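**Q** Sequence plus the predicted model coming up.
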Amino acid sequence: MRFILRRLGFYLIAFWASITLNFLLPRFMPGDPVSRMFARTQGKMQPEQLEALRKMLGVDARPLWEQYVDYMHNILTGQMGVSISRFPTPVTEVIASQIGWTLVLGGTALVFAAIIGNLLGILAAWRRGGAIDSALPPLLIFIGSFPYFWLAMGALYLFGVTLGWAPLRHAFSDGLDPAFTWEFIGDVGAHLVLPALTIVLVSVGGWMLGMRNTMIATNAEDYITMAEAKGLRPGRIMFRYAARNAMLPSVTSFGMSLGFVVGGALLTEVVFAYPGVGYQLLNAVQGLDYPLMQGLFLTITAAVLLANFLVDVLYVRLDPRVRSN
């Protein structure tokens, strides 16, 4: 419990620091979102309307510390303001409408990459020098070394434009009613395959190498030699003894990756025009949408910190050495 409380205190301090940076960084950017809205309306807004809009968005001429106090009050009360680029929609509604697609895309790709990569790493280390260990690591690292946007655009051109096997854009077909039906689920799955597959191809090599290296070190432990001397089946030794202990670093990597799922699919969503948080974040930055940028950054930060805290809690269960500290 002391360990968990110490980690909780650390994450609360990190969350406060991220909130402060989240407040300061957009205000240090050049440009004024209200002036841009004024330009879009071709000068039809009155000066008093502009001033009221600046005050509502928290970018008026008040001292920075007053804006910070109001910002912290709004965060603690769950009020993230109104999106400028999608005015007058609240920021919470914009994020709620996009985050589900990001979780579907990033979560699916992460689960498949972690499972496939760890299984390949276990097999490669257990049969060191075999076909899997010799051929797959160089091939997967070679694929992962390509710039992701290049790989994604190449896959989109080949399988979407040339062959016509995959949809070109969005999360589901235009005109399709988003309802919980088998037709809609199948269409979402068809749109999901290509972007998720490109993420898996890029990341599975890292998962495989990480597990392979840990498994090689674990295979040299005395308890593995003891298990072999007892005549246990190789499959049981590989999964119940070696892989179980070698999974600890992968649990940490999975927790950190789970947090970055919320904002880590930016390039994927941009290339495939996938309506997720990353794609919305790009639009917010281009439109100088301060409230939406802050809301998205806060969501991403909270997801990363929460995922890491859950990993720390899980470590207390998986590793007895943590409980003894």
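**A** Received it, and whenever you're ready, just let me know what you need.

**Q** To what extent is the closest residue to residue 8 other than its chain neighbours buried, counted in neighbours?
**A** Counting by C-beta to C-beta, 6 or more residues apart in numbering, residue 309 is the residue found nearest to residue 8 once chain neighbours are left out, at 6.8 Å. From N, CA and C alone the C-beta is placed, and that goes for glycine too. Neighbour count of residue 309, defined by other C-beta atoms under 10 Å: 20.

**Q** tell me the pLDDT at residue 213?
**A** Residue 213 is assigned 84 on the pLDDT scale.

**Q** for residue 207, helix, strand, or coil?
**A** Under DSSP: H, G, I helix; E, B strand; the rest coil, the three-state class of residue 207 is helix.

**Q** That one against residue 257, yeah?
**A** No: with contact defined as C-beta atoms under 8 Å, residue 207 and residue 257 do not form a contacting pair (9.1 Å).

**Q** So between those two, which is more surrounded?
**A** residue 207 (25 against 21).

**Q** how about that one, what does it touch?
**A** 113-114, 116-118, 121, 250, 253 (C-beta atoms under 8 Å, 6 or more residues apart in numbering).

**Q** quick one: the helices in the stretch 101-250 of the chain?
**A** Taking DSSP state H, counting those that start in this stretch as the test, the helices found in the stretch 101-250 of the chain are 131-144, 148-155, 182-219, 222-229, 234-236, 244-264.

**Q** can you put those in a markdown table and add distance to residue 18?
**A** Output for the helices of the stretch 101-250 of the chain, formatted as a markdown table (distance: least, C-beta to C-beta, whole Å):
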| stretch | distance to residue 18 |
| --- | --- |
| helix 131-144 | 29 |
| helix 148-155 | 25 |
| helix 182-219 | 25 |
| helix 222-229 | 42 |
| helix 234-236 | 45 |
| helix 244-264 | 12 |
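
**Q** need the least confident one among those helices, by mean pLDDT.
**A** Taking the mean pLDDT of those, helix 244-264 comes last: a mean of 71.

**Q** Now do the buried residues in the helix or strand just after that helix.
**A** Downstream of helix 244-264, the first helix or strand assigned by DSSP states H and E is helix 266-271. In terms of neighbour count (16 or more other C-beta atoms under 10 Å), helix 266-271 has its buried residues at 266-271.

**Q** same deal with stretch 6-13?
**A** Quick answer for stretch 6-13 (16+ other C-beta under 10 Å): 7, 11.

**Q** Identify all contacting residues around that stretch.
**A** 305, 308-309, 312.

**Q** now with 7 Å?
**A** With contact meaning C-beta atoms under 7 Å, 6 or more residues apart in numbering, stretch 6-13 is reached by 305, 309, 312.

**Q** Redo those as a markdown table? Include secondary structure.
**A** Formatted as a markdown table, the contacts of stretch 6-13 follow (three-state DSSP):
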| residue | secondary structure |
| --- | --- |
| 305 | helix |
| 309 | helix |
| 312 | helix |
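
**Q** So which of those residues is the closest to residue 104?
**A** Nearest to residue 104 among those is residue 305, at 21.9 Å by C-beta to C-beta.

**Q** Look up how far residue 116 lies from residue 244.
**A** Residue 244 sits 19 Å away from residue 116, going by C-beta to C-beta, to the nearest Å.

**Q** between those two, which one's more packed in?
**A** Neighbour tally, residue 244 and residue 116, criterion other C-beta under 10 Å: the higher count belongs to residue 116, 16 against 12.

**Q** Quick one: residues contacting the nearest residue to the more buried one once chain neighbours are set aside.
**A** Take residue 116 and drop its neighbours on the chain: the residue closest to it by C-beta to C-beta, 6+ apart is residue 204, 5.4 Å away. By C-beta under 7 Å, 6+ apart, residue 204 lies in contact with 113, 116-117, 140.

**Q** Just the buried residues from the residues you listed, in PyMOL please.
**A** PyMOL command restricting the contacts of residue 204 to the buried ones, with burial defined by 16+ other C-beta under 10 Å:
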select buried, resi 113+116+117+140
